[in-house]
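[1] give the three-dimensional model of this entry:
(2 chains)
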Amino acid sequence: MFELTLQAIVSGLLVGGVYALMAAGLNLIFGVVRIINFAHGDLMMVAMYAVYWLFTLSGIDPYVAVLVVAPALFLLGVFLQRVVIRPIQGSSPLMIIFATVAVSLVLQNLALMLFQGDFRSVQTSYSIAVLDAGPVLVSVPRLIAFAASILLFAGLFLFLRYTYVGKALRAVAENRTVARLMGIRVERIYLLAFGLGSALAGIAGVLMMPFASAYPTVGTIYTLLAFVVVVLGGLGSMEGTVVAGLAVGLIETLTGTFISPAVKEIAYFGLFIVILLIRPQGFFGLGKGTEEVGLK
Amino acid sequence: MKRQRVAAVLAGAAAVLLPVFVRSQFALDMAILTLFYVGLTAAWNLVTFSGRLSLGHAAFFGLGAYTATLLFVRAGIPPVIGAAVAVVVSLLGGLLMVLVMVRLRGPFFTLASIAFAEVLQLVATHWRSLTDGSVGLHIPFRPGWQNLTFTSKEPYYYIALALAVLSVWLGHRLYHSSTGYFLRAASSDEEACQALGVNIKRAQAAALLWSAGMTGLLGVFYAYFIYVIEPTTFFSMELFSLQPALNGIIGGVGTVWGPVLGALVMTPLGEYLRTFLGAMQQGLHFLVYGLVLLVIVRVLPGGFMSIITGVRARNDDRGSGANERGRSYTAAS
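    Coordinates of the predicted model:
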């Protein structure tokens, strides 16, 4: 019983790290551009397919593929911000929801047209490798995904804290009018934030691919999952996102282990609704600008 | 005004007589589906009067469909009574959503509505002893009015027509009632509305409940139309949450007739794509929806409806009110 619990906790924390990384992208876009991106999980889906095809057609290892996939997703994010979001930025929140829902539909159904609905996964030499660490067994790709996520988080924190561009991003998130007056080119910062957020979703997709499958609607569940994490951790709060990501991973594996695997999704969607109801500002405070996207 | 009434009578006569002249089963099927989506879109649209976007109406649809089917298959209760119970159950689901709605706005209401429908789909899939899970339930084929099962398409056509009319009529009544005025006022400024003493939460709850009940009723119809019911279809986000929403947005959100127009144009187009090109190109149907939506958001935020109101405003631009109204549709969305 003790070992089972320990195993569930370890697995939960490992998968939670990737959830946090994916949600961080969503939160960055929200914090800076002030839009809720309903296509976030679909960006991850695009990355997963990219990994699959790079691996299947030219045998490129998923972890090497990240060198192509992350920049590609960055560009896709920049493109979306420039072509879809910028022209309607400042119109009603409802219009922006429609726009990102439309992007989600287009991406999902393009994937369906091009690759059909099959589940596609990559079989690498390490896909099922397991590390025997005393009382628990640790899946190697999951451990790599977790470690990479934590490293990226550290990098993201340092970037936002110490570089000029990182400071500009935070300044725009804080107050875009003042940021503009200080000479920051706000429109460019929006492009950068959307690009970075998409790249983070893409990297999360790459890290998941050795142990997950790609299919056209895989993004829907991850969009919702990312929102669960972001809302739980607090909109605009990166620290909160890390903690909430780990928490959601734990909830998933604990309910999956002790109640039933069928219950784990019900658990986090149920949790999502309950949190929205009792504490919509999350547990790490209410981010600035939440009223702009329609939350009090 | 008179011209509108003549047009309405002509459209009504055409709708009633359609099965007499159209003998093609495919065309009749298409007409039934179109009317069904007119009803579903108009029902979904009731919630948008309060400026909220639901992407979880599949929840009410599935609740209605499952209630009536379970009562018939498991207890032999005839569908006419089953439909009444189904509406009650959908209303109970609606009450849960009301709890969410009075607290949340914007994207957060939308997200909660998606999560609500997803949870119900998961429950329907995993509660096997009740629903037979993903295997689904079959409605036995016993033709007759009392079982809402028919050997020809015509009765389904007239039921769909009646439901569509009922749904649009509900929208029309709500839009022009005091509740409707409260909702539209609140969608631009909720606080100001409350400060004037309007019980806005009650108005929102009323709109959502009408919407949930009507959607549940349409769920019952659809279950009896296709005989087989299983969770991934009847709680399908694409078919019963997104598609009505897309029809509504493309037609003109926040108006009574925009969503009707959206469903009338987009359903046959979507079905055409799915039937003739779908075999080769799965996904084309919703890809087209997505692209149309992107264009609408960019160039025509008021939807198809704003073309009509725009033209009408230009035709009698001496009546300055008309132009204002045409614009306010855009603003309300």
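[2] check what pLDDT residue A:18 gets.
    At residue A:18, the model reports a pLDDT of 92.
[3] checking it next. Helix, strand or coil?
    helix (DSSP: H, G, I helix; E, B strand; the rest coil).
[4] tell me the contacts of it?
    Residue A:18 sits next to A:145, A:146, A:149, A:204, A:207, A:208, A:245 when contact means Cβ atoms under 8 Å, 6 or more residues apart in numbering or on different chains. Where C-beta positions appear, they are placed from N, C-alpha and C, glycine not excepted.
[5] which element is the second one on?
    In the assignment (DSSP states H and E), residue A:146 maps to helix A:140-162.
[6] chain center to the next helix or strand after that helix: distance?
    Next in sequence after helix A:140-162, counting helices and strands by DSSP H and E, comes helix A:164-174. Relative to its chain's centre, helix A:164-174 lies at 20 Å (Cα atoms, centre = their mean, to the nearest Å).
[7] can you give me the pLDDT of residue 38?
    As the question left the chain open, I've gone with chain A. Here the pLDDT value assigned to residue A:38 is 91.
[8] can you look at chain B instead?
    In this model, residue B:38 carries a pLDDT of 96.
[9] state the distance from it to chain A.
    20 Å (Cβ to the nearest Cβ, to the nearest Å).
[10] same for the host helix or strand of that residue, what does it pack against?
    According to DSSP H and E, residue B:38 maps onto helix B:25-48. In terms of contacts (3 or more Cβ pairs under 8 Å, 6 or more residues apart in numbering or on different chains; DSSP states H and E), helix B:25-48 is packed against helix B:2-21, helix B:154-176, helix B:200-226, helix B:243-252, helix B:257-272.
[11] report the next helix or strand after that helix in sequence order.
    Using DSSP H and E, the helix or strand that follows helix B:25-48 in sequence is helix B:58-75.
[12] and the residue of the stretch 101-250 of chain B found nearest chain A, backbone torsions?
    Closest contact between the stretch 101-250 of chain B and chain A, by Cβ to the nearest Cβ, is at residue B:106 (1.8 Å). For residue B:106, the backbone dihedrals are phi 50, psi -140 (criterion: degrees, to the nearest 10).
[13] how confident was the prediction at it?
    At residue B:106, pLDDT is 75.
[14] how many residues are close by it?
    If you count neighbours by other Cβ atoms under 10 Å in any protein chain shown, residue B:106 ends up with 23.
[15] what's the neighbour count on residue 87?
    Chain wasn't specified; assuming chain A. Neighbours of residue A:87 using other Cβ under 10 Å come to 13.
[16] that's the wrong chain, I wanted chain B
    Neighbours around residue B:87, by other Cβ under 10 Å: 24.
[17] excluding its backbone neighbours, what's nearest it?
    residue B:213 (4.8 Å; Cβ to Cβ, 6 or more residues apart in numbering or on different chains).
[18] pretty sure that neighbour contacts residue B:91?
    Yes - taking contacts as Cβ atoms under 8 Å, residue B:213 lies within contact range of residue B:91: 5.1 Å.
[19] more crowded one of those two?
    Between residue B:213 and residue B:91, counting by other Cβ under 10 Å, residue B:213 is the more crowded of the two (23 against 19).
[20] the more buried one: what's it in contact with?
    B:60, B:87, B:90, B:91, B:94.
[21] can you give the contact residues for stretch B:189-196?
    The contact list for stretch B:189-196 (Cβ under 8 Å, 6+ apart) reads B:105, B:182, B:185, B:186, B:200.
[22] any chance of those in a markdown table, plus neighbour count and secondary structure?
    Below are the contacts of stretch B:189-196 laid out as a markdown table (neighbours: other Cβ atoms under 10 Å in any protein chain shown; DSSP: H, G, I helix; E, B strand; the rest coil):
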| residue | neighbour count | secondary structure |
| --- | --- | --- |
| B:105 | 21 | coil |
| B:182 | 22 | helix |
| B:185 | 17 | helix |
| B:186 | 21 | helix |
| B:200 | 21 | helix |
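[23] lowest-confidence member of those residues, which is it?
    residue B:105 (72).
[24] next, give phi and psi for that one.
    phi -130, psi 180.
[25] wait, isn't it in contact with residue B:111?
    No - the criterion here is Cβ under 8 Å, and residue B:105 misses it with residue B:111 at 11.3 Å.
[26] ok, residue A:243 - how many residues close by?
    When neighbours are counted by other Cβ under 10 Å, residue A:243 comes out with 18.
[27] from residue A:72, how far off is it?
    The gap separating residue A:243 from residue A:72 is 30 Å, by Cβ to Cβ, to the nearest Å.
[28] same deal with residue A:267?
    Counting by Cβ to Cβ, the gap between residue A:267 and residue A:72 amounts to 34 Å.
[29] find the nearest non-adjacent residue to residue 150, please.
    No chain in the question, so chain A it is. Nearest non-adjacent residue to residue A:150, counting by Cβ to Cβ, 6+ apart: residue A:17, 6.0 Å away.
[30] chain B, not that one
    Closest residue in space to residue B:150, ignoring its immediate chain neighbours: residue B:143 at 6.0 Å, by Cβ to Cβ, 6+ apart.
[31] phi, psi of the one you found?
    According to degrees, to the nearest 10, residue B:143 has phi -60, psi 150.
[32] go ahead and confirm it touches residue B:152.
    No - judged on Cβ under 8 Å, residue B:143 makes no contact with residue B:152 at a distance of 9.4 Å.
[33] follow-up on the earlier one: okay, residue A:267 and residue A:72: which has more neighbours?
    Comparing residue A:267 with residue A:72 by other Cβ under 10 Å, the one with more neighbours is residue A:267, at 20 against 17.
[34] wait, is the more buried one part of a helix?
    Yes - judged by three-state DSSP, residue A:267 forms part of a helix.
[35] and residue A:256, backbone torsions?
    Dihedral angles (degrees, to the nearest 10) for residue A:256: phi -60, psi -40.
[36] for the residue nearest the centre of chain B, which residues are in contact?
    With distances taken as Cα atoms, centre = their mean, residue B:40 lies nearest the centre of chain B, 2.1 Å away. When contacts are counted by Cβ under 8 Å, 6+ apart, residue B:40 touches B:57, B:61, B:167, B:215, B:218, B:240, B:243, B:244, B:263.
[37] need these in JSON lines with neighbour count, pLDDT and distance to chain A, can you?
    Listed next are the contacts of residue B:40 as JSON lines, based on neighbours: other Cβ atoms under 10 Å in any protein chain shown; pLDDT from 0 to 100; distance: Cβ to the nearest Cβ, whole Å:
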{"residue": "B:57", "neighbour count": "31", "pLDDT": "95", "distance to chain A": "14"}
{"residue": "B:61", "neighbour count": "33", "pLDDT": "96", "distance to chain A": "18"}
{"residue": "B:167", "neighbour count": "29", "pLDDT": "95", "distance to chain A": "22"}
{"residue": "B:215", "neighbour count": "32", "pLDDT": "96", "distance to chain A": "19"}
{"residue": "B:218", "neighbour count": "30", "pLDDT": "96", "distance to chain A": "22"}
{"residue": "B:240", "neighbour count": "28", "pLDDT": "92", "distance to chain A": "15"}
{"residue": "B:243", "neighbour count": "25", "pLDDT": "90", "distance to chain A": "10"}
{"residue": "B:244", "neighbour count": "29", "pLDDT": "92", "distance to chain A": "13"}
{"residue": "B:263", "neighbour count": "32", "pLDDT": "93", "distance to chain A": "17"}
